[in-house]
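Enquirer: using only what follows, build the 3D model:
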Amino acid sequence: GRRRDAMTTVRPFACADLFAYNDVNVDALTETYGLAFYLQYLATWPEYFSAATSTFGDVCGYVMGKCEGEGELFHGHVSAVTVAPGYRRQGLAKTLMRELELVTETAHDAYFVDLFVRVSNALAIGMYEKFGYTVYRRVLDYYSGDEDAYDMRKAMRRDVAKKSVVPSKKDWHPWELEWT
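Expert: The predicted structure follows:
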């Protein structure tokens, strides 16, 4: 399926997009992974991998994620969401995140969506808060031992009582996480 707004189209990510997304991964806070990582996600969770393209067909953003966990911890996870600098501040990240949330609710009926963000990335934290995410817990030394992360969550409709987003009362270490 395709979703269209005034300037972009959101569509399923394709293998060929791996040769066209370099202009999107340009800032230091965007993780760039090896080709095998992207291909694993594309092969395992294709419904969670979407590209945004401009009216010229250029990839101008993408979101990739997965579903994981069991029972009330079954959830969608945002592994990466990023938008090329020339396309920022136009609501594209919100559109991409909503796409992932829709997959989480409609295809998987999961309890929540989570993501990890550097505690120093105030701009991203503020953006996620505007999208309805809250800090669930702090994960110490999550980023290669250099920096802590916030695990931010947004409850989906299956979590009627919103139990998945009640903040943890302690800080966590990466090895204590329920999934990786």
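
Enquirer: most centrally placed residue in this protein?
Expert: The centre of the chain sits closest to residue 78, judged by C-alpha atoms, centre = their mean, with a distance of 2.5 Å.

Enquirer: and the residue of the chain most remote from its centre, helix, strand or coil?
Expert: For the chain, the residue at maximal distance from the C-alpha centroid (C-alpha atoms, centre = their mean) is residue 56, at 24.9 Å. State at residue 56, reduced to three classes by DSSP: H, G, I helix; E, B strand; the rest coil: coil.

Enquirer: do you know the pLDDT at it?
Expert: With respect to pLDDT, residue 56 has a value of 86.

Enquirer: please enumerate the strands of this structure.
Expert: All strands of the chain, identified by DSSP state E, fall at 3-4, 8-12, 49-54, 59-68, 75-83, 112-118, 134-143, 147-155.

Enquirer: where does the protein have low pLDDT?
Expert: Applying pLDDT under 70 to the chain picks out residues 1-7, 22-23, 25-32, 180.

Enquirer: before we move on, the earlier item: go through the strands of the chain and name the closest to residue 178.
Expert: Proximity to residue 178, assessed across the strands of the chain by C-beta to C-beta, is greatest for strand 59-68 (8.8 Å). For glycine as for every other residue, the C-beta is placed from the backbone atoms N, C-alpha and C.

Enquirer: buried sites along the closest one?
Expert: If you call a residue buried by 16 or more other C-beta atoms under 10 Å, then strand 59-68 has these buried ones: 59, 60, 61, 62, 63, 64, 65, 66, 67, 68.

Enquirer: what strands line up against it, and which way round?
Expert: On the basis of DSSP bridges, the sheet neighbours of strand 59-68 come out as strand 49-54 (antiparallel), strand 75-83 (antiparallel).

Enquirer: and the angle from that strand to strand 8-12?
Expert: 40 degrees (axes from the mean of the first three to the mean of the last three C-alpha atoms, to 10 degrees).
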